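Visitor: give me a 3D structure for the following:
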Amino acid sequence: MQASCQCGQLRAEVPGATMAVVACHCIACQKRSGSPFGEAAYWPHDQVRIEGQSKHFSRATDAGGTFEQWFCPDCGTTVFMRGTKNPGVTGIPIGLFDTPHAMQPIRSVWEESRHAWVEIPTAVQHFARGRID
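Guide: Numbering: from 1, shown residues only. This is a model prediction of the structure:
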């Protein structure tokens, strides 16, 4: 499966099925995505192939780690992300995939910042600040 930024310059390729899709409601993910939540599908680093030029941004997380994102220097789309919470995996926003797919969030995190009108009905796990509800 292939994912790409808006202009197509920065691309990611993955072998197929993901380990998990997570919807995150933290304020930083809301700002990164420009949406009420951020979401991404995750694969082990060695299963993700990246092509194109990217810029890198790293920030501290509310949980005390770091979250890194790589985005296209031309159109600004974040194409892949990595964090210290799950150090062996790379996340790719599911909206960037070029073909229709059946990926859906199985986990919804940082729900204390969730917009009241947002529900993730496919999530079987719900977390607020690291604890399961």
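
Visitor: when you work out contacts or count neighbours from here on, use the C-alpha atoms and nothing else.
Guide: OK.

Visitor: so where do the strands sit in this protein?
Guide: 2-4, 11-13, 20-24, 38-44, 49-51, 55-60, 66-71, 78-83, 89-92, 107-109, 125-128, 131-132 (DSSP state E).

Visitor: which residues does the residue positioned nearest the centre of the chain bridge with?
Guide: Nearest to the mean C-alpha position of the chain, counting by Cα atoms, centre = their mean, stands residue 40 at 2.8 Å. Under DSSP bridges, the beta-bridge partners of residue 40 are residue 22.

Visitor: distance to residue 116 added to the strands of the chain, as a markdown table?
Guide: Below are the strands of the chain laid out as a markdown table (distance: least, Cα to Cα, whole Å):
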| stretch | distance to residue 116 |
| --- | --- |
| strand 2-4 | 30 |
| strand 11-13 | 33 |
| strand 20-24 | 14 |
| strand 38-44 | 15 |
| strand 49-51 | 36 |
| strand 55-60 | 26 |
| strand 66-71 | 25 |
| strand 78-83 | 26 |
| strand 89-92 | 25 |
| strand 107-109 | 14 |
| strand 125-128 | 14 |
| strand 131-132 | 18 |
